[in-house]
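Q: fold the following and give me the result.
(one chain, ligands or ions: 1)
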Amino acid sequence: MLLCCRACRTMFSRLWGRGVRLLSAPEATAATAFQSPTPLPPTWNPDNRQDHTIPFPFSGASGMRAVMVEVIPLNIRPFTMAPWLFSSSQPRDYSLPNSSWSSEMQKLYEHYNNMCEVDTEGGNKVKGAWRRLPSYNSCLEYVTGGQGGSKVLQQEARLFTRNIEEQGAGFEYVVFMKKHEKTCICVFQPGHLLEGPPGYVHGGAIATMIDSVTGTHATYLSGLIMTANLTINYRSPIPLGSVVLVHSSLDKVEGRKAFISCQVTSSDGSKLHTEATGLFLKVDVRHLLGA
Ligand SMILES: CCCCCCCCCC(=O)SCCNC(=O)CCNC(=O)[C@H](O)C(C)(C)COP(=O)(O)OP(=O)(O)OC[C@H]1O[C@@H](n2cnc3c(N)ncnc32)[C@H](O)[C@@H]1OP(=O)(O)O
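A: This is a model prediction of the structure:
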């Protein structure tokens with residue numbers, strides 16, 4: 001599906017949370033080459049996204065760009081957002097290593113990354129049990145497309161955990177998802193701006209990471225979700241600048257509800273810092289829009 005007009009966007013908003021994935025530019029190019037029954041509008045040019053800016057009259061927001069989406073009829077659905085919808089360049093993937101990462105953080109990243117699915121030179125994928133989840137600092141705009149009911153989320157909004165510009169000062173983390181066991185693991189290095197008690201991480205920052213990791217996990221499992229309940233027990237303080245693991249596992253799914261449990265441990269797993277349980281409810285995009 002090419003998001004090029006009001007009808008497509010309306011369809012996209014209806015499919016949101018039911019296995020919709022935005023395609024990357026190379027994927028979109030391949031899809032149009034092999035699957036599109038009709039030629040794409042001349043405005044579609046993945047190599048120069050500035051050229052396919054199109055008017056977006058029904059929301060009042062001009063400059064929306066066309067993107068490709070793919071509907072994936074699987075139980076576990078990727079939920080890759082594409083902030084380049086609003087940008088002429090690829091967004092920064094915050095889950096990739098940077099110079100602030102300690103050697104321990106880097107080592108753990110490589111440990112899990114080496115077990116991920118990889119692309120080979122021939123274009124084939126070598127299956128790995130894990131998948132690194134990319135992480136961006138902004139989400140795309142949601143539209144209802146309904147008459148008079150469209151609402152656009154603030155373009156200036158930024159994901160809470162990714163809005164500290166100084167590398168290493170705030171939340172440095174990467175989430176990996178194990179495909180078949182419905183578990184996620186996050187390697188987390190809390191920076192000095194997350195202080196609570198002297199030298200230790202603030203409980204709210206720990207709660208934020210737990211909500212983010214379990215919420216991301218629930219999103220990949222169920223689509224669009226909201227946290228309904230989070231119960232946290234703090235067992236031992238987390239030193240600032242240390243590296244910890246946030247383990248997330250799906251306990252059960254009951255209708256719209258996903259029950260997830262979580263433990264924050266030292267990097268070798270020997271020390272329990274925090275444990276939590278969360279309830280996530282699958283919601284319709286209209287819930288976010290207050291419709
Ligand atoms: C890819 C990037 C990912 C980034 C990840 C970031 C994740 C961050 C996630 C968040 O932080 S979300 C923000 C914090 N959460 C909120 O602001 C949610 C505010 N609450 C609501 O919007 C609604 O209350 C909610 C969507 C949670 C539920 O409203 P609904 O109208 O959809 O559900 P309803 O009240 O009809 O209840 C449905 C069922 O859930 C149960 N339920 C609802 N809230 C509950 C609760 N708090 N505790 C226990 N059960 C609850 C309720 O009893 C009922 O059970 P039964 O079906 O068995 O009768």
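Q: using CSV, write out every CA atom in the helix or strand containing residue 172.
A: Using DSSP states H and E, the secondary-structure element containing residue 172 is strand 171-178. Provided in CSV are the C-alpha atoms of strand 171-178 (Å, rounded to 0.1, in the frame of the first residue of the first chain):
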residue,chain,number,x,y,z
PHE,A,171,19.1,6.4,29.0
GLU,A,172,21.5,4.3,26.9
TYR,A,173,19.9,1.1,26.0
VAL,A,174,19.2,-1.5,23.3
VAL,A,175,16.4,-4.0,23.2
PHE,A,176,16.7,-7.4,21.6
MET,A,177,13.7,-9.7,21.1
LYS,A,178,13.8,-13.4,21.1
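Q: quick one: it near the ligand?
A: No: contact of strand 171-178 with the ligand (CB under 6 Å from any ligand atom) is absent, the minimum separation being 9.4 Å. (C-beta placed from N, C-alpha, C; glycine too.)
Q: what is that strand packed up against?
A: helix 103-113, strand 130-133, strand 183-190, helix 203-222 (3 or more CB pairs under 8 Å, 6 or more residues apart in numbering; DSSP states H and E).
Q: is it true that residue 266 touches residue 246?
A: No: contact status for residue 266 versus residue 246: not in contact, 11.6 Å apart, counting by CB atoms under 8 Å.
Q: neighbour count: these two, which is higher?
A: Under the criterion of other CB atoms under 10 Å, the comparison of residue 266 against residue 246 puts residue 246 first, with 25 against 16.
Q: could you give the bridge partners of the residue nearest to the more buried one when sequence neighbours are not counted?
A: By the measure of CB to CB, 6 or more residues apart in numbering, the closest residue to residue 246 outside its immediate chain neighbours is residue 186, 3.9 Å from it. Bridge pairing for residue 186 (DSSP bridges) gives the partners residue 175, residue 246.
Q: give me the neighbour count for the residue in the stretch 151-291 of the chain that the ligand sits nearest to.
A: When distances are taken as CB to the nearest ligand atom, the stretch 151-291 of the chain reaches nearest to the ligand at residue 215, 2.6 Å away. A count of neighbours around residue 215, defined by other CB under 10 Å, yields 19.
Q: residues contacting the nearest residue to it once chain neighbours are set aside?
A: Nearest residue to residue 215 in three dimensions, chain neighbours excluded: residue 227, at 5.8 Å (CB to CB, 6+ apart). Residue 227 makes contact with 211, 214-215, 278-280 under the criterion CB atoms under 8 Å, 6 or more residues apart in numbering.
Q: any idea how far residue 227 lies from residue 100?
A: Shown here: residue 227 relative to residue 100, a distance of 28 Å by CB to CB, to the nearest Å.
Q: run a quick neighbour tally on residue 275.
A: Around residue 275 sit 17 other residues, with neighbours defined as other CB under 10 Å.
Q: make sure it is actually in contact with residue 263.
A: Yes: using CB under 8 Å, residue 275 is in contact with residue 263, at 5.0 Å.
Q: sorry, back to before: turn the helices and strands packed on strand 171-178 into a markdown table, including mean pLDDT.
A: Written out in a markdown table, the entries for those read as follows (pLDDT from 0 to 100):
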| stretch | mean pLDDT |
| --- | --- |
| helix 103-113 | 97 |
| strand 130-133 | 94 |
| strand 183-190 | 98 |
| helix 203-222 | 96 |
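Q: most packed of the ones you listed?
A: Of all the helices and strands packed on strand 171-178, strand 183-190 carries the top mean neighbour count, a mean of 24, counting by mean count of other CB atoms under 10 Å.
Q: my read is that the residue of the stretch 151-291 of the chain closest to the ligand contacts residue 225, right?
A: Yes: with contacts counted by CB under 8 Å, residue 215 reaches residue 225, the gap being 6.7 Å.
Q: joint contacts of those two?
A: Both residue 215 and residue 225 are in contact with residue 280, where contact means CB under 8 Å, 6+ apart.
Q: in stretch 274-286, what's buried?
A: 274-286 (16 or more other CB atoms under 10 Å).
Q: same list, those residues, but only the ones touching the ligand.
A: Restricting those to those near the ligand - CB under 6 Å from any ligand atom - leaves 279, 281, 283.
Q: which one of those is nearest to residue 163?
A: residue 283 (23.6 Å; CB to CB).
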